[in-house]
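Colleague: Give me a model of this one.
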Amino acid sequence: MVQWFNSEKISTLVGQQRHQPKMIHVLLMVMTAYFVILSVLNVFLFGDFNIAALDMIGMTGTVALLVYFRRTAKLAVTS
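Modeller: Presented below is the predicted three-dimensional model:
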C-alpha cells in the first residue's frame, strides 16, 4: 500500500474518488520509469544525447508532478 504524505485527506474519499489518487500515482511512476529507460537507451545504445536530454526533461516533469501530488493530493491540478 502506498504511504501518502497527505493520507488523511485521501482516507476520507470513497468509491471512485478513492481509486483516482492511486491511478494517478501509478501512472506517474510508470511515466517516470518510461522516461528513465528511454534516456538510458538513447545515451548508451543510440548515442543521441539531444533526445536523451528531452527524455530527462520529461522525467523531471513527471517527478515534479509526483512530488506535488504526494504533498498536496490535488487531483484536478495533477491530472
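Colleague: what ranges do the helices span in the chain?
Modeller: Applying DSSP state H to the chain gives helices spanning 7-11, 16-44, 49-72, 75-78.
Colleague: From L41, how far out is the residue of the chain most remote from its centre?
Modeller: Residue farthest from the centre of the chain, counting by Cα atoms, centre = their mean, is G47 at 26.0 Å. Note on G47: its distance to L41, by Cβ to Cβ, to the nearest Å, is 10 Å. C-beta here means a position set from N, CA and C on the backbone, and glycine is covered the same way.
Colleague: Could you check the pLDDT of T78?
Modeller: If you check T78, the pLDDT there is 86.
Colleague: before we move on, the earlier item: what I need now is the helices of the chain written out in CSV, including mean neighbour count for each item.
Modeller: Formatted as CSV, the helices of the chain follow (neighbours: other Cβ atoms under 10 Å):
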stretch, mean neighbour count
helix 7-11, 13
helix 16-44, 15
helix 49-72, 15
helix 75-78, 12
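Colleague: Could I get the contacting residues of K74?
Modeller: By Cβ atoms under 8 Å, 6 or more residues apart in numbering, K74 lies in contact with Y68.
Colleague: Identify the residue nearest the residue nearest to the spatial centre of the chain in space, chain neighbours excluded?
Modeller: The centre of the chain sits closest to L28, judged by Cα atoms, centre = their mean, with a distance of 2.3 Å. Of all residues not flanking L28 in the chain, L66 sits nearest, at 4.4 Å (Cβ to Cβ, 6 or more residues apart in numbering).
Colleague: Is that neighbour in contact with V26, as I believe?
Modeller: No: in this structure, L66 is not within contact of V26 by Cβ atoms under 8 Å, at 10.5 Å.
Colleague: anything in contact with each of those two?
Modeller: Taking Cβ under 8 Å, 6+ apart as the contact criterion, no residue touches both L66 and V26.
Colleague: Quick check: the residue nearest to the centre of the chain vs F35, distance?
Modeller: Relative to F35, L28 is positioned 11 Å away (criterion: Cβ to Cβ).
Colleague: Phi first, then psi, for D48.
Modeller: Backbone torsions for D48, taken as degrees, to the nearest 10, come to phi -100, psi 100.
Colleague: lowest confidence element among the helices and strands of this protein?
Modeller: Least confident element among the helices and strands of the chain, by mean pLDDT, DSSP states H and E: helix 7-11 (a mean of 63).
Colleague: Alright, that wraps it up for me.
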